[in-house]
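Trainee: One predicted model, sequence on top.
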Amino acid sequence: MSEFRVLNTRAARLDAPAKATGRAKYADDLAMPGMLYGAILQSPLAHAKILNIDTSKARKFPGIRAVVTAKEAGLVKYGVSPARYDETLYAHEKVRYVGDEIAAVAAVDPATAQEALDLIKVDYEELPAVFDMFEAMKEGAPQIHDEFPGNMNAEVHQEFGDTEAALAACDLVVHHTFLNKRQDAAFIEPHACVAVFDLDGKLTLHTSTQVPHYVMRTVAMVLQIPVGNVRVVKPYVGGGFGPKCEATPLEMSAALLARHTGKPVKITYSREQVFLHSRARHQFYAEMSLGVKQDGTMVALKNKAILDGGAYTSFGIATVYYSGSLLGGPYKLKAMKYDGQRVYTNKPACGAQRGHGGVAHRAAFEQLLDMAAEKLGFDPVEMRLRNIMTRGDMTINELDMSSLGMKECVEAVRDVSSWETKKGKLPKGKGIGMACGFFVSGAGYPIYRSDTYHSTVVIKLSEDGGIATVLTGSAEIGQGSDTTMAMIAAETLGIPLENVRVVSGDTDLAVDLGAYSSRQTLMTGHATKEAAEQLRGQIAAVLAETMGCDPSSITFRDGVVLFDGGPGNFEKLRSLYIKEHRGWTDPPGGEYLTFREAARLAYLKLGSMVGTGKYKPPRLGGSYKGAAVGTSPAYGCSAQVVEVTVDLETGQITVDRMTDAHDCGLAINKTQVEGQMHGSLSMGLGECLFEEVKFDSRGRVLNPSLGEYRIPTALDMPNVDTILVESNEPNGPYGAKEVGEGAIMPTIPAILNAVYDATGVRITELPCSSERLYMAMKAQEKK
Amino acid sequence: MLLPKFEYHEPTTLEEALRLLSELGGNAKVLAGGTDVLVRMKQKIDKPSHVISIARVPGLDAITPRDRHGVTVGSGVTAADLARHELIRDRFTPLALAAGRLGAPMIRNRATIGGNLVNARPAADFPPACMVLNAILKLKSAHDEREVPVNGFFRGPGDALIEPHELLVSINFETPPPWSGGSYVKLGARKTLEISMVNVAALVTLESADGPITAARIALGAVAPTPVRAYAAEELLVGKQPSEELFQQAGETGVGMCSPITDHRGTMEYRCMMIEVLTKRALRLAVEQARAWRP
Ligand SMILES: Cc1cc2nc3c(=O)[nH]c(=O)nc-3n(C[C@H](O)[C@H](O)[C@H](O)COP(=O)(O)OP(=O)(O)OC[C@H]3O[C@@H](n4cnc5c(N)ncnc54)[C@H](O)[C@@H]3O)c2cc1C
């Protein structure tokens, strides 16, 4: 029996009424008096020198209020990781992909802004371009950045143990290569923002982002505004999944245009521009070898990665590290070698997307595991259980599994899916497969080197003591973080959830690094809990003083105060309160002192009742180069079983059933955890079966719409059996850790392992379309 | 994406609509459900200076049975209406099935059969179904009226036998004879909201529940610049007892009628192989339905 009053329930989301009634305002819904509309001119060529930009006609166009180029914007370099700032707001000298930003305009309406773009005359000298990562690495390939010869954007070489020696000593070594395809995160709300300067020169940016904090810093840096004069406010956001984790040219253009015109400026990306901005999942090529012993013990893993980064770095450095570091678990290894390279090409930049850096390599690895199991005659479940890590294990690359319900997850999906009655017993065309994975609950370090807190939270009580408002910079992007923080605050304060409000996503309220790397439940959650504890302590101290008792004898639960676990003799407090209460129409009654009375009395003594909390992880990880990437205070993990039917005549795959178990430490809100599991699975299913951003021979996106970029529909998604495993993470608030990204890790390999089970065909390239599978089956028949 | 500027007309009678069309002709676009034309206008492929909505023209959205001989479907009838119409499902099965596979519910609520036919996309869902049902299209202009068989209506991608001043008013279908059954199958990447990689409609008439095939029609979509009838495959079937082998042969023959392309939805090789499979399946389903025929 859980002792929680609020946590671990299925409480309704705080934002449900606003979203269900359409009252929720998204960035593009915002309007301000005198607001102008911005538009951005983007390169039609994939690689070209800019010889001249003539904006004179556009400037004279009726209704145009400003035109800006690199001349106005300056050439401050920015990016995500300070180690690779390789972008300027507008291209000068050169454009590097179809979509590279060249200029922006502000006009009285969107149509005028669009028309004016056509009047900006840019003279280009086209340069040879390269679109394929393997081509880009070859000698003589077009060079995209002078500073990075060979188009080598980033390289990682790591080895733990002696991999070659370990492989040589193995009974069996299996090899596999795997190629995924560039993704689009396909969030429903395209990026949008409104920028406005007040008369004192302070910028407020209302923007659809996952990371108000990073946007604030980048915009301040690029536009050379003191950080304190930039406020970023996030309205409701319709999904992010990673690509909204960095400042965009849209935000900086809106801010720059607002500065030039003195008016609020709104810009919204079209769906096509979302594809051009990209910053979604890379294309990864994986080459992997796994060495095992006859008894099924996994010994050594050799992993090579090549990433198609597109024209700029974005999150890429972290990405190329993650492809290696996230294979350190959840299986015990004696040796692991990783060589990763991220390559520039003349395509939109790739960045972070759900399961950052880990998804494709996890897919390769979990298939490799099945291949080894088959060769050794082990059941895939058995093979995994033999090698599984448990609580307290340290991975070979020094990631600390302070809690890990991996074994419980595997056993749960095995049992719920009736694995044992199916595996190896299904007719041809039907298959069952499984896979595992794990992921961080927040990165151990901020993207820029700093000792900053990752999260600070303020909780303020209303004057009457009845309402607690959580003030946080964290980003509710649809995942439910506001509800999570409200639940943590309510639980800690001992008050009902409906007495908590949350104001979030505003850099003026508190510091928070934002919604990425599955960090907010753990990190913002810690800060929220600490703020609530502090507040609770202040109230208890005041009550104790008046009652002449020990503060530790006072507890709060369900909105009332308990003295030594009972109502206590609080008459003195109540009469004090009632004296104070004249003119209020809701006098307290009942046999317990209420939280509201207690908080009001504390206010009378202390003034505004405010509690503050903060969190940053302790120093984590090893001391080797790149050891920081992959570190986290805690790791979530999951196992999945997928059942498929393959139409042997067409190659069409129907995913019949998915069983998913995830260890989130403690489910703060069970429904929200399951929501993340469902969402992860559908995203993984889409990447596995359908999705691919395609380009023509000149680097133009061929399918920049949700009509032609195919994400799964309701009919493609089967019902999902979700199982919550709760391992009580010691480093998490109330034992909680991530679910937002880890749940996607096993999906692709579980599907592909099921497809193999159904057909005997190993798919080495995504998407596993009907055509690819059909052709592979044909090729197999011929053999 | 913004719509370009245009003048909007909303005639309330057929005469007015036809008059507007004859006056504005080449500068105008008819707007039915808008699921094609508005997309094309936003993409700046179509830039009409006038748009004529036919939403308020009475009668275009009617499904009218004609005794036992057939049915007249107004050009403005939506896919959703066709998919759930009992008579259409019973006797004109390929049409109802095609309607039910077009787009997704929201699209089906707007997309019209008229818009789909005039649009003349090689992969569209309605044309093959109409072709096996030998539909006759009624085209009207201010001063004229003509009937055009659907088999012959399509000239190329986006190109149909209709003049800018003409309106497609209705589509006539003859009820297939007793012991007929029909089907429609479609292959796309997803289960729904898909433009076909290949689609096949079939209509088969048997002599009796267990008799031989007396007539067969097969139409294939997304396999050539226009949807095509697989006449050679149809001929092969006539007079023969239905069987899996026969369907397979018909499928193989059907491939010969096609010249599919390789595009980002699928390669020519795969499409050819799928024509075979889908034809076989469409025939199997049509025969099943024919055998279950009830007066
Ligand atoms: C998301 C999406 C999914 C889709 N999926 C499919 C699909 O699965 N299968 C498929 O086949 N199509 C699909 N389509 C295309 C489209 O929905 C269909 O072609 C639809 O039937 C068009 O009908 P409409 O009424 O919307 O036509 P409109 O867009 O209104 O018109 C289409 C064209 O026909 C002309 N026109 C319309 N009515 C008449 C008339 N009575 N007389 C003369 N000219 C006329 C118009 O001027 C225009 O050129 C899809 C479209 C979208 C946006």
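Mentor: Structure received.
Trainee: what bits of chain A have low per-residue confidence?
Mentor: Per-residue confidence for chain A (pLDDT under 70) gives these ranges: A:1-2.
Trainee: Give me the nearest residue to B:Asp81, chain neighbours excluded.
Mentor: B:Ile63 (6.8 Å; C-beta to C-beta, 6 or more residues apart in numbering or on different chains). No exception for glycine: its C-beta is placed from N, CA and C like everyone else's.
Trainee: longest helix in chain B, by residue count?
Mentor: When secondary structure is assigned using DSSP state H, the longest helix within chain B turns out to be helix B:268-291.
Trainee: Could you name the helices and strands sitting against that helix?
Mentor: Helix B:268-291 makes packing contacts with helix A:770-782, strand B:180-187, strand B:198-206, strand B:213-221, helix B:244-255 when contacts are defined by 3 or more C-beta pairs under 8 Å, 6 or more residues apart in numbering or on different chains; DSSP states H and E.
Trainee: Can I get that helix in CSV? Just the C-alpha atoms.
Mentor: Output for helix B:268-291, consisting of C-alpha atoms alone and laid out as CSV, is shown next (Å, rounded to 0.1, in the frame of the first residue of the first chain):
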residue,chain,number,x,y,z
MET,B,268,8.6,0.0,-60.8
GLU,B,269,9.7,-3.6,-60.0
TYR,B,270,7.8,-3.7,-56.8
ARG,B,271,4.7,-2.1,-58.3
CYS,B,272,4.7,-4.7,-61.1
MET,B,273,4.8,-7.6,-58.6
MET,B,274,2.1,-6.0,-56.5
ILE,B,275,-0.2,-5.7,-59.5
GLU,B,276,-0.1,-9.4,-59.8
VAL,B,277,-0.9,-10.0,-56.1
LEU,B,278,-3.5,-7.3,-55.8
THR,B,279,-5.3,-8.4,-59.0
LYS,B,280,-5.5,-12.0,-57.7
ARG,B,281,-6.9,-10.8,-54.4
ALA,B,282,-9.4,-8.4,-56.0
LEU,B,283,-10.7,-11.2,-58.1
ARG,B,284,-10.9,-13.6,-55.2
LEU,B,285,-12.9,-11.1,-53.2
ALA,B,286,-15.2,-10.2,-56.2
VAL,B,287,-16.0,-13.9,-56.8
GLU,B,288,-16.7,-14.4,-53.1
GLN,B,289,-19.2,-11.6,-53.2
ALA,B,290,-20.7,-12.8,-56.5
ARG,B,291,-21.3,-16.2,-55.1
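Trainee: what angle do that helix and strand B:213-221 make?
Mentor: Counting by axes from the mean of the first three to the mean of the last three C-alpha atoms, to 10 degrees, helix B:268-291 lies at 140 degrees to strand B:213-221.
Trainee: what helix or strand is the closest residue to A:Val646 other than its chain neighbours on?
Mentor: The shortest distance from A:Val646 to any residue that is not its chain neighbour, by C-beta to C-beta, 6+ apart, is 4.5 Å, and that residue is A:Ala758. Remark: A:Ala758 resides in helix A:747-759, with elements defined by DSSP states H and E.
Trainee: next one: A:Ile306
Mentor: Secondary-structure assignment from DSSP H and E places A:Ile306 in strand A:298-310.
Trainee: Could you count how many residues lie near the residue of the stretch 501-650 of chain A found nearest chain B?
Mentor: With C-beta to the nearest C-beta as the measure, A:Glu649 is the residue of the stretch 501-650 of chain A nearest to chain B, at 4.6 Å. Other residues lying near A:Glu649 total 16 when counted by other C-beta atoms under 10 Å in any protein chain shown.
Trainee: quick one on the thing from earlier: residue contacts, the residue nearest to A:Val646?
Mentor: Applying C-beta atoms under 8 Å, 6 or more residues apart in numbering or on different chains, one finds that A:Ala758 lies in contact with A:Leu426, A:Lys428, A:Gly429, A:Lys430, A:Gly431, A:Val644, A:Thr645, A:Val646.
Trainee: can you check B:Leu161 too?
Mentor: Neighbouring residues of B:Leu161 by C-beta under 8 Å, 6+ apart: B:Val148, B:Gly152, B:Phe153, B:Phe154, B:Arg155.
Trainee: SS state for the last one?
Mentor: It stands for B:Arg155. When the structure is reduced to helix, strand and coil (DSSP: H, G, I helix; E, B strand; the rest coil), B:Arg155 reads as strand.
Trainee: quick revisit: just want the angle from the longest helix of chain B to helix A:770-782.
Mentor: Direction vectors for helix B:268-291 and helix A:770-782, defined by the same axes, to 10 degrees, enclose an angle of 100 degrees.
Trainee: right, and A:Asn151 touches A:Thr345 too?
Mentor: Yes: assessed by C-beta atoms under 8 Å, A:Asn151 is found in contact with A:Thr345 at 7.2 Å.
Trainee: anything in contact with each of these two?
Mentor: Between them, A:Asn151 and A:Thr345 share the contacting residues A:Val130, A:Ala136, A:Ile144, judged by C-beta under 8 Å, 6+ apart.
Trainee: out of these, who's nearest A:Thr421?
Mentor: Of all the shared contacts of A:Asn151 and A:Thr345, the one sitting nearest A:Thr421 is A:Ala136; the distance, using C-beta to C-beta, is 49.3 Å.
Trainee: isn't that closest one right next to A:Val343, touching?
Mentor: Yes: A contact is recorded between A:Ala136 and A:Val343 when judged using C-beta under 8 Å, the distance being 5.0 Å.
Trainee: neighbour-wise, which of the two wins?
Mentor: When neighbours are counted by other C-beta under 10 Å, A:Ala136 and A:Val343 differ, and A:Val343 comes out ahead with 30 against 25.
Trainee: Quick check: the more buried one is in a strand.
Mentor: Yes: assignment of A:Val343 by three-state DSSP places it within a strand.
Trainee: Ignoring the adjacent residues along the chain, who's closest to it?
Mentor: What sits nearest to A:Val343 in space, not counting adjacent residues and going by C-beta to C-beta, 6+ apart, is A:Met133, at 4.5 Å.
Trainee: can you check B:Thr12 too?
Mentor: When the adjacent residues along the chain are set aside, B:Thr12 lies closest to B:Arg56, with 4.7 Å between them (C-beta to C-beta, 6+ apart).
Trainee: May I have the beta-bridge partners of the closest residue to the ligand within the stretch 151-295 of chain B?
Mentor: For the stretch 151-295 of chain B, the residue closest to the ligand is B:Leu168, as judged by C-beta to the nearest ligand atom, at 3.6 Å. B:Leu168 has the following beta-bridge partners by DSSP bridges: B:Leu139.
Trainee: need the contact list for it.
Mentor: Applying C-beta under 8 Å, 6+ apart, one finds that B:Leu168 lies in contact with B:Ser75, B:Gly114, B:Leu117, B:Val118, B:Leu137, B:Lys138, B:Leu139, B:Ile162.
Trainee: I figured the first one was touching B:Glu166, is that so?
Mentor: Translated: B:Ser75. No: at 11.2 Å, B:Ser75 and B:Glu166 do not qualify as touching, with contact defined as C-beta under 8 Å.
Trainee: quick one, which of these two is more surrounded?
Mentor: B:Ser75 (26 against 22).
Trainee: Just the element for the nearest residue to A:Val503 once chain neighbours are set aside, please.
Mentor: What sits nearest to A:Val503 in space, not counting adjacent residues and going by C-beta to C-beta, 6+ apart, is A:Leu471, at 5.3 Å. With secondary structure defined by DSSP H and E, A:Leu471 is part of strand A:468-472.
Trainee: And that strand, what's buried?
Mentor: Judged by neighbour count using 16 or more other C-beta atoms under 10 Å in any protein chain shown, the buried positions of strand A:468-472 are A:Ala468, A:Thr469, A:Val470, A:Leu471, A:Thr472.
Trainee: follow-up on the earlier one: what's the local residue count around the residue nearest to B:Asp81?
Mentor: Other residues lying near B:Ile63 total 17 when counted by other C-beta under 10 Å.
Trainee: returning to that earlier point: and which of the buried residues of strand A:468-472 is nearest the ligand?
Mentor: Once C-beta to the nearest ligand atom is applied, the member of these that ends up nearest the ligand is A:Thr472, at 38.7 Å.
Trainee: Many thanks, I have nothing further to ask.
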